[in-house]
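Asks: I need the structure of the sequence given here:
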Amino acid sequence: MYKAVWNGAVLAQSDKTIEVEGNQYFPPEDVDKSYFTVSNYHTKCPWKGLADYYNIEVDGKENRNGAWTYPEPFEKAAHIKDYVAFWNGVDVIEE
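Replies: Predicted coordinates:
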């Protein structure tokens with residue numbers, strides 16, 4: 001079971017994460033997107049595709065681009081379509 005926590009809030013919790021390149025990707029149904037707002041930031045991975053980012057807001061604090069997802073991944077990354085990963089100070093803890 002993995003949990004993503006930032007500023008005291010549990011952003012995601014799941015026993016169905018997928019690890020890719022050292023990051024835990026959480027199934028969309030196990031992510032609390034009430035803390036998310038869409039970011040204009042994007043990155044492109046040569047084998048996963050274009051990543052969309054979210055800003056995370058908890059108790060008046062913002063973590064810009066703290067989460068990302070691949071809504072239309074390339075074929076090799078199809079298994080993480082819409083899954084969400086975290087960085088930028090978000091603690092991903094194995095319980």
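
Asks: all contacts plus neighbour counts: C-alpha atoms, from now on.
Replies: OK.

Asks: The residue of the chain positioned farthest from its centre and Y53, how far apart?
Replies: Within the chain, G60 marks the point farthest from the mean C-alpha position, 19.9 Å out by CA atoms, centre = their mean. From G60 across to Y53, the span is 19 Å (CA to CA, to the nearest Å).

Asks: who does the helix or strand harbouring Q24 touch, helix- and strand-wise?
Replies: Secondary-structure element containing Q24, defined by DSSP states H and E: strand 23-25. Here strand 23-25 touches strand 18-20, strand 84-86, going by 3 or more CA pairs under 8 Å, 6 or more residues apart in numbering; DSSP states H and E.

Asks: just so I know, which of those lies nearest V38?
Replies: Taking CA to CA, strand 84-86 is the member of these nearest to V38, at 12.9 Å.

Asks: Other residues contacting the closest one?
Replies: Contact partners of strand 84-86, identified using CA atoms under 8 Å, 6 or more residues apart in numbering, comprise 4, 23-28, 31, 66-70, 92.

Asks: do the same with stretch 8-20
Replies: Taking CA under 8 Å, 6+ apart as the rule, stretch 8-20 contacts 1-5, 24-27, 30-33, 35, 58, 80.

Asks: Of those residues - the most surrounded one?
Replies: Within the contacts of stretch 8-20, neighbour counts (other CA atoms under 10 Å) peak at F26, which reaches 26 neighbours.

Asks: For that residue, name its beta-bridge partners.
Replies: As for beta bridges, F26 partners with V84 under DSSP bridges.

Asks: Brilliant, that's me finished.
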